[in-house]
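> Dropping the sequence and predicted coords here.
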Amino acid sequence: MMNKQRDKSCLANIGTVVSVRGSVVEIRFDQQLPPIRSLLRAGDEGVGQIIIEVLAQRDAHCVRGIALTPTQGLARGMPVTDTGGPLMAPVGKEILSRMFDVFGNTIDRGAPLSQVAWRSVHRAPPPLARRSTQSEIFETGIKAIDVLVPLERGGKAGLFGGAGVGKTVLLTEMIHNMIGHQAGVSIFCGIGERCREGEELYREMKEAGVLSKMVMIFGQMNEPPGSRFRVGHAALTMAEYFRDDEHRDVLLLIDNIFRFIQAGSEVSGLMGQMPSRLGYQPTMGTELSSLEERIANTDSGAITSIQAVYVPADDFTDPAAVHTFSHLSASIVLSRKRTSEGLFPAIDPLQSSSRMAAPGIVGERHYGLAQDIRRTLAQYADLKDIIAMLGLEQLSPEDRNVVARARRLERFLTQPFFTTEQFTGLKGKLVSLADALDGCERILRDEFKNYPESALYMIGSIAEAQGTTSIVAPGAPAQAATVVTPAPGLQPKAGLAPPPAAAPKVEAGAHES
């Protein structure tokens, strides 16, 4: 089942193991030196077989490679066979609804593949002449993204955030929304992630009935760095088949692109290369570009990529985050502070950005609303220190209105997800861009000034807020809006903590005058 190479007609090129240092193996070939990226095999056929990829030619007879499998049992003097080709990935309609490892083996305990073609994972990006120059918006059904950080069809969006702020949840929600409402194919690539996440994703997608339009490929965190380093290329090879051969749009989700950089750093260190800034590999820019530039919108279809990016210690100046930023058309930054406040998805509207948020692409109305929302939230952020020290009552009436609008906007941009229904007890909502813009516009016009803040928390369209049981009287303090009970149906499931809007925050007027 390992990569089917087309070397049956030629004589086997046999080498001998010279040294084994961890995952790095040196092999001597007396007949013919294998080219870079060739795949070598050692050991018996089957589970105990060791796969090695050539990364360097040491001299006229020796190559140095990185093992893509554990090297237990490999010893000096063992024979190594040159397969005559690079690492291959399976392509074809039969790979839909299946789960693979980096070698193209199925790992979902399903029937073996019978009619698939195999292609090299090392492919050149599409030429500029084939790339589409038209900018199109890619709707996700998530209010905070579609309004403030619109995604590009055929573009690359990054989900930036530290551990535990909701990157994987947001990715799985996008899978659910995209497959359910578009005729494309979704490919999920797990790089250095937990096997539990893969199993849960497979089960959830199967229960949701969308597995027939999905392909999953994993290089788990317990696998050698060489395997984790190549799994992204294998996923892109599958995506390029659906784009170029079947002319379908592809949603490629990568979790986590930082693990790709990390695996490359491990490989670089094992190969003896001098590290660069903060210990990263000197070839990080080239390696990331070789992966990212293959994601493109062409005349035959588009590969739209959404990539989770772990930010070490929440430091956005880390070289891994900086290099990834340069390839993205949209950057969605997840905030730990908003996570602690219960504002999900925890997207920071002031740090997130998108190249699509321009009047010539999204239109004048959308652009103007997004700017007004950001301006209101930025003014609220500036006023928080004053509120914390002096209290809300010390603000001018105009500033109080700004705070009221900002707090309602923050709550309206929250949204219950389909993939978290079992945890929150709230039914997931898919909101169109038109409904999201309409709701933000009405909040900015102060139409909901006399509604409780909690009425806007975790709803879909703005029409749901109009079913609240009580409306705050005009002129009441802003914090009074936070204690009114929302309409039936908006209550959280029994036993869960109430939404953050159910109690006034410290900075919203804890100090009475």
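Yep, that arrived. Residues are numbered from 1 along each chain as shown.

> how about low-confidence regions in the stretch 401-513 of the chain?
Applying pLDDT under 70 to the predicted model, the residue ranges of the stretch 401-513 of the chain that meet it are 468-513.

> so where do the helices sit in it?
With DSSP state H, counting those that start in this stretch as the criterion, the stretch 401-513 of the chain has helices at 421-424, 433-444.

> can you check the stretch 101-250 of the chain too?
Remark: helices assigned in the stretch 101-250 of the chain by DSSP H, counting those that start in this stretch are 143-148, 167-181, 195-207, 225-244.

> Please enumerate residues in contact with the first one?
Contacts with helix 143-148, where a contact means CB atoms under 8 Å, 6 or more residues apart in numbering, come from 139-140, 151, 332, 345, 347, 349, 352, 354, 357, 366, 369-370, 373-374, 412-415, 431, 433, 436-437, 439-440. For glycine as for every other residue, the C-beta is placed from the backbone atoms N, C-alpha and C.

> filter the residues you listed to the buried ones?
In the contacts of helix 143-148, burial by neighbour count holds for 139-140, 151, 332, 345, 347, 349, 352, 354, 357, 366, 369-370, 373-374, 412-415, 431, 433, 436-437, 439-440, counting by 16 or more other CB atoms under 10 Å.

> Now go through these and say which are in strands.
By the criterion of DSSP state E, membership of the buried ones among the contacts of helix 143-148 in strands covers Leu151, Ile332, Ser354.

> Touching, the first one and Ile142? I think so.
No: contact status for Leu151 versus Ile142: not in contact, 9.8 Å apart, counting by CB atoms under 8 Å.

> Quick check: which helices or strands does the least confident helix or strand in the chain by mean pLDDT pack against?
Least confident element among the helices and strands of the chain, by mean pLDDT, DSSP states H and E: helix 167-181 (a mean of 80). With contacts taken as 3 or more CB pairs under 8 Å, 6 or more residues apart in numbering; DSSP states H and E, helix 167-181 sits against strand 156-161, strand 185-191, helix 195-207, strand 250-255, strand 303-310.

> Out of the ones you listed, flag the one nearest Pro225.
For Pro225, the closest of the helices and strands packed on helix 167-181 is strand 185-191, at 10.9 Å, according to CB to CB.

> Mind telling me which of the helices and strands packed on helix 167-181 the model trusts least?
Mean pLDDT is lowest for helix 195-207 among the helices and strands packed on helix 167-181, at a mean of 83.

> list the buried ones in it?
Of the residues in helix 195-207, those buried by neighbour count under the rule 16+ other CB under 10 Å are Glu197, Gly198, Leu201, Tyr202, Glu204, Met205.

> I'd assumed Thr172 was in contact with the fifth one.
Yes: here Glu204 reaches Thr172: they are 7.0 Å apart, a contact under CB under 8 Å.

> Of the ones in strands among the buried ones among the contacts of helix 143-148, which is the nearest to Gln220?
Relative to Gln220, the closest of those is Ile332; by CB to CB it sits at 25.2 Å.

> residue contacts, Asp101?
By CB under 8 Å, 6+ apart, the contact list for Asp101 reads Ile107, Ile217, Phe218, Gly219, Ser227, Val231.

> which among those end up buried?
Judged by neighbour count, with buriedness set by 16+ other CB under 10 Å, the buried members of those are Ile107, Ile217, Phe218, Gly219, Ser227, Val231.

> give me every residue that touches the fifth one.
Contacts for Ser227 were tallied using CB under 8 Å, 6+ apart; they are Leu68, Thr69, Asp101, Val102, Gly219.

> Take those residues and write them to JSON lines, including pLDDT and distance to Ala89.
Formatted as JSON lines, the entries for these read as follows, by pLDDT from 0 to 100; distance: CB to CB, whole Å:
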{"residue": "Leu68", "pLDDT": "96", "distance to Ala89": "13"}
{"residue": "Thr69", "pLDDT": "94", "distance to Ala89": "16"}
{"residue": "Asp101", "pLDDT": "94", "distance to Ala89": "11"}
{"residue": "Val102", "pLDDT": "95", "distance to Ala89": "8"}
{"residue": "Gly219", "pLDDT": "94", "distance to Ala89": "12"}
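
> What is the nearest of the residues you listed to Phe258?
Out of those, the one with the shortest distance to Phe258 is Gly219. That distance is 13.5 Å, counting by CB to CB.

> how much space between the nearest residue to that closest one once chain neighbours are set aside and Gly198?
Distances taken as CB to CB, 6 or more residues apart in numbering place Val231 nearest to Gly219, at 3.3 Å, with adjacent residues excluded. Using CB to CB, to the nearest Å, we find Val231 at a distance of 12 Å from Gly198.

> Identify the contacts common to the two.
Applying CB under 8 Å, 6+ apart, one finds that Val231 and Gly198 are jointly contacted by Gly190, Phe218.

> tell me the contacts of Ala381?
With contacts defined as CB under 8 Å, 6+ apart, Ala381 is in contact with Leu350.

> what comes up buried for whichever strand or helix holds it?
In the assignment (DSSP states H and E), Ala381 maps to helix 364-390. Of the residues in helix 364-390, His366, Tyr367, Leu369, Ala370, Ile373, Arg374, Thr376, Leu377, Tyr380, Leu383, Ile387, Ala388 count as buried by neighbour count, 16+ other CB under 10 Å.

> From Arg405, how far out is the last one?
Computed with CB to CB, the distance linking Ala388 and Arg405 is 19 Å.

> same deal with the third one?
Leu369 is 13 Å from Arg405, where distance means CB to CB.

> With the fourth one instead?
Spatial separation of Ala370 from Arg405 under the definition CB to CB is 15 Å.

> For the stretch 1-150 of the chain, give me the ranges with low pLDDT.
When residues are selected by pLDDT under 70, those of the stretch 1-150 of the chain lie in 1-11.

> switch to 90 and redo it
Scanning the stretch 1-150 of the chain for pLDDT under 90 picks out 1-12, 31, 43-48, 73, 109-112, 114-115, 131-136, 138-139.

> Which stretches in it count as strands?
Applying DSSP state E, counting those that start in this stretch to the stretch 1-150 of the chain gives strands spanning 13-21, 24-28, 39-42, 50-57, 62-67, 79-82, 88-91, 99-100, 117-120, 137-138.

> now do the same end-to-end measure for stretch 22-38.
With CA to CA, to the nearest Å as the measure, the ends of stretch 22-38 fall 20 Å from one another.

> So for that stretch, what gets flagged as buried?
Buried positions in stretch 22-38, judged by neighbour count with 16+ other CB under 10 Å: Ser23, Val24, Val25, Glu26, Ile27, Arg28, Phe29, Leu33, Pro34, Arg37, Ser38.

> now these in TSV, with distance to Ala124?
As requested, those are arranged in TSV below (distance: CB to CB, whole Å):
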residue	distance to Ala124
Ser23	27
Val24	28
Val25	28
Glu26	29
Ile27	28
Arg28	31
Phe29	27
Leu33	24
Pro34	21
Arg37	13
Ser38	18
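
> Out of the residues you listed, which is nearest to Glu53?
Comparing the buried residues of stretch 22-38 against Glu53 with CB to CB places Arg37 closest, at 6.5 Å.

> and the gap between the closest one and Phe100?
As for Arg37, its distance to Phe100 is 20 Å (criterion: CB to CB).

> for Val24, same thing?
26 Å.

> hang on, the earlier thing: how about the buried residues of helix 195-207 in JSON lines, adding distance to Val362?
As requested, the buried residues of helix 195-207 are arranged in JSON lines below (distance: CB to CB, whole Å):
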{"residue": "Glu197", "distance to Val362": "33"}
{"residue": "Gly198", "distance to Val362": "35"}
{"residue": "Leu201", "distance to Val362": "31"}
{"residue": "Tyr202", "distance to Val362": "35"}
{"residue": "Glu204", "distance to Val362": "32"}
{"residue": "Met205", "distance to Val362": "31"}
